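# quick one, fold the following:
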Amino acid sequence: MTQGGGGSGVGTLLATGAAAFMAFRAVRRVMATPVETKLSCGCGKVHGTVSALPDDCSVVLCYCESCRAFAEWLQTRSQETGKKGRRVTTSDRASCVVMVPKTSLKLDAGLEYLKLAQHSKKTNTRRFFASCCDTPMFNTSEYMGLLSILTANLDDNWHKLGEPGVIFPEFAAEPLPKDDPRPRGSVATAVYNVLRFSTDLSKGPKLDYTNPEYFSHFKPAK
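Next comes the predicted model:
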């Protein structure tokens, strides 16, 4: 009986702590002011506003091969066709993105220029680019309530949404220093936000998830 009572006490304590934490977050959300940052493609035909609370966002610096291939595929194509696409990768060829709820993005113009790309038919990540200038814009999925917007397409206010955390450093084009001081991205936080906004799948801009362009044929330079 004593052991059962102890277990019940621990459970009650955990439940109380969780409830207090959620109440604290709810109060902080009510009191918080959204950060607003302007979005545009390289030529300006796609433009709008992102308005989000930092608590709802994750900012990551991604070194994965798929993000690099997507960005450099469009950059190469833009140069070949003379379009005014924007380079969205960093000097060491990483992609900085901020994950925001789909409802945070309000497009003022250019929805018709947003086209879908996928690495291959087997991949789940849906990548959208501005076809007017071949600028990579954001990643998402019809099964997610979040958008991962490339910060190169945002004004400097995006820095107020959080500090970038490095993810997939093992796939960097060049090995990162062992003493790299930058924080690592939190997978737990990203998963938590994915679950939080799982009911927002069909909210936000009405994106066309049909007829993707595949870019698995493109091999980024070493």
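# next, count neighbours for S78.
Neighbour count of S78, defined by other Cβ atoms under 10 Å: 21. In short, each C-beta sits where N, CA and C put it, glycine included.
# repeat that for E213.
14.
# likewise the one 4 residues further on?
Summarising burial for H217: neighbours were counted as other Cβ under 10 Å, giving 8.
# name the SS class of it, please.
Here H217 is recorded as coil under DSSP: H, G, I helix; E, B strand; the rest coil.
# right, and T125 touches Q118 too?
Yes. The criterion here is Cβ atoms under 8 Å, and T125 meets it with Q118 at 7.1 Å.
# and the two? Which one has more around it.
Shown here are T125 and Q118; by other Cβ under 10 Å, Q118 has more neighbours (19 against 16).
# what's the spacing between the residue lying closest to the more buried one once chain neighbours are set aside and D155?
Distance criterion Cβ to Cβ, 6 or more residues apart in numbering; nearest residue to Q118, sequence neighbours excluded, is P212 at 4.5 Å. Distance, P212 to D155, by Cβ to Cβ, to the nearest Å: 29 Å.
# more crowded one of those two?
P212 (18 against 14).
# okay, strands next: where are they in this structure?
35-40, 47-52, 58-62, 95-101, 105-109, 114-118, 126-130, 135-140, 146-150, 165-167, 213-214 (DSSP state E).
# neighbours of the spatially closest residue to T90 that is not a sequence neighbour, just the number please.
Counting by Cβ to Cβ, 6+ apart, T90 lies nearest to C96, which is 6.5 Å off, once chain neighbours are set aside. If you count neighbours by other Cβ under 10 Å, C96 ends up with 20.
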